[in-house]
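Colleague: Here's a sequence, model it:
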Amino acid sequence: MAEVTKTGEGRALAVEGNGINVISDAERKGRPADLFWPWFGANVSVLGLSYGAFTLGFGISFWQAVVAGVIGIVFSFLLCGVVALAGKRGSAPTMVLSRAAFGVRGNRLPTAISWLLTVGWETALTILATLATATVFERLGWGGGAGTKIVALLVVAALVVGAGVLGFTVIMRLQTVITIVTAVLTVVFVVLAAGQVDWATVSALPSGSVEQLIGALVFLMTGFGLGWVNVAADYSRYLPRTASSGGVVGWTTFGASIAPLVLLVFGLLLAGSSTDLSSAIAADPIGALAALLPTWFLVPFALVAVLGLVGGAVLDIYSSGLALLSLGLPIPRWSAALVDGVIMVLGTIYVVFFADDFLVPFQGFLYTLGVPVAAWAGVVLADVALRRRDYAEPELYEVDGRYGDVRWSAVALVVVATVLGWGLVTNANAAVLAWQGYLLGPFGLGGREGAWAYANLGVLVALAVGFLGTVVLERSRIRAQEAQER
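Modeller: Okay, here's the model as predicted:
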C-alpha cells in the first residue's frame, strides 16, 4: 500500500499529503528550471499538429498562421508564467491564491468554472487517447473494436488517475519520462512525414483578412495557454521563496510553448501541402497522421499519441482535485483526484461506447468556458502585477481576514466581462451555443454572419475588461492590504 507523506517523497509510490494548505518552507525545493518538465510534458501532444489544419481553416496564409501561432501560443503561456509567480509568493494552489482578488467565498464562482474546465479537458484527453489507440490498432490489423478500447481506457485511466492520486512528486517524475520519450519519437515522426511537405503549395496559400488573422490568434490562445492559466501556480508553489521570479515566468513560458510551436509549424506545412490531408487531419487527426507512416512506426506513434495526451490529463486531474477542495469539499486531496477520475472515466465510457456525436459539441462547451476563464485571468493577472509583497498566507483561508469574504467588484468584473465576451464570440461546434454573438450586430461588427463573426474578439475583451477593471478599481485596496501588519 502506498504511504501518505506531505510531498510524496521518500518512496516510489508515496501519496502526497498536501492539499490546498500552504506549503511549508521545509518542503519547498527545486529550481525554476524544474518547471520545464511538467509544462513540456503536458503540451507535447501530436494533436498539436492538428492545430495546423484548424488554423489554416481560418483562411489565412502559412506566414500569417506562423505569426498567429507565435503570438497566440507564447503570449497565452506568458500569462501562465505570470500566474505561476503567485505560487512562489503564496505557496498555495492557484484557486486558493485567487481568493486574494475575489475574497475567500467570493472565489467560489471562478473556482467552479476552473473545476468544470479541468475536468472537461481531462475527460476529452482521455477520450482522445482511447480512440487514438483503437485507430492505430485498427490500421495494424489488430482490431480496433470494443475490446481494444476497453483495454486502452483501463491503461490510460490507470496512468492518469494513479498519477493524480499519488500527487506532485510522482507527476514531476512521470512528466520527465513523458517529455523525453515523446520528444524523441516526435522527432522521428517529423523525419518520416517530412516527405509529404510541398513547399511550393504551402507558400502559395493566399493571405486572409485582419479579422481572419485575429480569429486564428484567439483560437490558438484559447486552445493553449488560456486552457492552463487557471492551474499555473499549482506546481510553482513548491519552489523556494528565493527562486528567481524571472526564472519562474521564463521556464513556465518556454517549457509550455516550445513543443506546441514546433508541432504547429510542422502541422501547417503538412496541412498546407494538401487540402485533402488538411481536411483529414481536421476530421481525424490520429488516423490521418497514422496514414502517413510506415507500419513499423505505428506502435511508437501510438505511444507518442497516448503519452502526449496522458501528460496533459495528468496535470488537469491534479489541479481539478485541488479546485474541488477549494470549493470546500472536506476530503483529502487524493480522494478529490479519485472523485474527478471517476467522473473522467464515466464520461469517457459514455462518449466512446454510447454517444453518436458528443465530442465536438463538448469541445464547443469547453471553448465557451474560455471567455469566463479569460475574464478571471485578467483580474488575477492585474492582482499579481499590483502586489509588491508576498501574500498573508493564513488569511487566504479566513473570511474575516484582509482578503475578505466576497469581493463584489471582482465578481462583477468577471460577470460583466463574460456577458460582453459571449456576445462577441460565435461557436460553430454546437447548435446549443447558437445564442452566442448577440453583440456583433449592435456593435456594428456585421452580426453572426459578418467578417468579425469568427474573430472571437470576446476572449480578448473579457481578458482586457478583467485586467483594466482591476487596475482601476482595486489598486488602492491592494495597497491598503499590503500596509497591514502581518
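
Colleague: in stretch 124-140, what counts as buried?
Modeller: Across stretch 124-140, burial judged by 16 or more other Cβ atoms under 10 Å covers 124-137, 139. Just so you know, the C-beta spots here come from the backbone N, C-alpha and C atoms, and that holds for glycine as well.

Colleague: what's the closest non-adjacent residue to Leu131?
Modeller: Spatial nearest neighbour of Leu131, excluding adjacent residues (Cβ to Cβ, 6 or more residues apart in numbering): Val352 at 6.6 Å.

Colleague: can you tell me how far that neighbour sits from Gly370?
Modeller: According to Cβ to Cβ, to the nearest Å, Val352 stands 25 Å off from Gly370.

Colleague: And those two? Which one has more around it.
Modeller: Gly370 (26 against 20; other Cβ atoms under 10 Å).

Colleague: For Gly106, see how far away the closest residue to the more buried one other than its chain neighbours is.
Modeller: Distance criterion Cβ to Cβ, 6+ apart; nearest residue to Gly370, sequence neighbours excluded, is Thr222 at 4.2 Å. As defined by Cβ to Cβ, Thr222 lies at a distance of 25 Å from Gly106.

Colleague: is it fair to say the residue nearest to Leu131 lies in a helix?
Modeller: Yes. Counting by DSSP: H, G, I helix; E, B strand; the rest coil, Val352 is part of a helix.

Colleague: quick one: it from Val415, how far?
Modeller: Val352 is 36 Å from Val415, by Cβ to Cβ.

Colleague: Would you confirm that the residue nearest to Leu131 contacts Ile127?
Modeller: Yes. If you go by Cβ atoms under 8 Å, Val352 and Ile127 touch, sitting 6.2 Å apart.

Colleague: List the buried residues for stretch 267-275?
Modeller: 267-274.

Colleague: Then stretch 178-195?
Modeller: Buried residues in stretch 178-195, counted by 16+ other Cβ under 10 Å: 178-179, 181-183, 185-186, 189-190, 193.

Colleague: Adding secondary structure and distance to Asn456, write these out as CSV.
Modeller: CSV is the format used below for these (DSSP: H, G, I helix; E, B strand; the rest coil; distance: Cβ to Cβ, whole Å):
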residue, secondary structure, distance to Asn456
Ile178, helix, 31
Thr179, helix, 31
Val181, helix, 35
Thr182, helix, 30
Ala183, helix, 31
Leu185, helix, 33
Thr186, helix, 29
Phe189, helix, 31
Val190, helix, 30
Ala193, helix, 30
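
Colleague: Among these, which one lies nearest to Ser319?
Modeller: Ile178 (16.7 Å; Cβ to Cβ).

Colleague: my guess is that closest one meets Gly41, correct?
Modeller: Yes. The pair Ile178 / Gly41 is scored as a contact, 4.1 Å apart, by Cβ under 8 Å.

Colleague: Spell out which residues are contacts of both of those two.
Modeller: Gly311 (Cβ atoms under 8 Å, 6 or more residues apart in numbering).

Colleague: re the thing from before, burial count for the residue nearest to Gly370?
Modeller: So Thr222, with other Cβ under 10 Å, has 23 neighbours.

Colleague: Okay, the spatially closest residue to Leu369 that is not a sequence neighbour and Val373: tell me how far apart.
Modeller: Distances taken as Cβ to Cβ, 6+ apart put Leu117 closest to Leu369, at 4.9 Å, once the chain neighbours are dropped. Here Leu117 is placed at a distance of 6 Å from Val373 (Cβ to Cβ).

Colleague: ok so, going back, specify which member of the buried residues of stretch 178-195 is nearest to Gly48.
Modeller: Using Cβ to Cβ, these come closest to Gly48 at Thr186, 9.2 Å.

Colleague: before we move on, back to that, contacting residues for the residue nearest to Gly370?
Modeller: Residues in contact with Thr222 (Cβ under 8 Å, 6+ apart) are 76, 367, 370, 374, 456, 459.

Colleague: can you rerun that using 6 Å?
Modeller: 367, 370, 459 (Cβ atoms under 6 Å, 6 or more residues apart in numbering).

Colleague: In helices, which of these fall?
Modeller: Of those, the ones assigned to helices by DSSP state H are 367, 370, 459.

Colleague: what's the nearest residue to the first one if we skip its chain neighbours?
Modeller: Translated: Tyr367. Thr222 (5.9 Å).

Colleague: so which helix or strand takes in the one you found?
Modeller: Assigned by DSSP states H and E, Thr222 falls within helix 210-223.

Colleague: what's the offset of that helix from the middle of its chain?
Modeller: 16 Å (Cα atoms, centre = their mean, to the nearest Å).

Colleague: Show the subsequent helix or strand relative to that helix.
Modeller: Counting by DSSP H and E, the element after helix 210-223 in chain order, helix or strand, is helix 245-273.

Colleague: Check which helices and strands that next one sits against.
Modeller: On a contact count with 3 or more Cβ pairs under 6 Å, 6 or more residues apart in numbering; DSSP states H and E, helix 245-273 meets helix 36-43, helix 50-56, helix 62-90, helix 199-203.

Colleague: hmm, back to that, any idea which of the ones in helices among the contacts of Thr222 is the one closest to Ile343?
Modeller: Using Cβ to Cβ, those come closest to Ile343 at Tyr367, 19.8 Å.

Colleague: State which helix of this structure is the longest.
Modeller: Longest helix in the chain, counting by DSSP H: helix 108-140.

Colleague: Run the chain-centre distance for that one.
Modeller: 11 Å.

Colleague: Grab the nearest non-local neighbour of Leu268.
Modeller: Nearest one to Leu268, counting by Cβ to Cβ, 6+ apart, is Gly52 at 4.0 Å.

Colleague: which residues does that neighbour contact?
Modeller: Listed by Cβ under 6 Å, 6+ apart, the contact partners of Gly52 are 264, 267-268, 271.

Colleague: Put together JSON lines for these, with pLDDT and distance to Ile343 on each row.
Modeller: Below are these laid out as JSON lines (pLDDT from 0 to 100; distance: Cβ to Cβ, whole Å):
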{"residue": "Leu264", "pLDDT": "96", "distance to Ile343": "31"}
{"residue": "Gly267", "pLDDT": "93", "distance to Ile343": "31"}
{"residue": "Leu268", "pLDDT": "96", "distance to Ile343": "35"}
{"residue": "Ala271", "pLDDT": "93", "distance to Ile343": "34"}
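
Colleague: And those residues, which is closest to Gly378?
Modeller: Leu264 (25.0 Å).

Colleague: pLDDT value on Asp356, please?
Modeller: Asp356 is assigned a pLDDT of 68 by the prediction.

Colleague: my bad, Val15
Modeller: What the model reports as pLDDT for Val15 is 89.

Colleague: what's the neighbour count on it?
Modeller: Val15 has 20 nearby residues by other Cβ under 10 Å.
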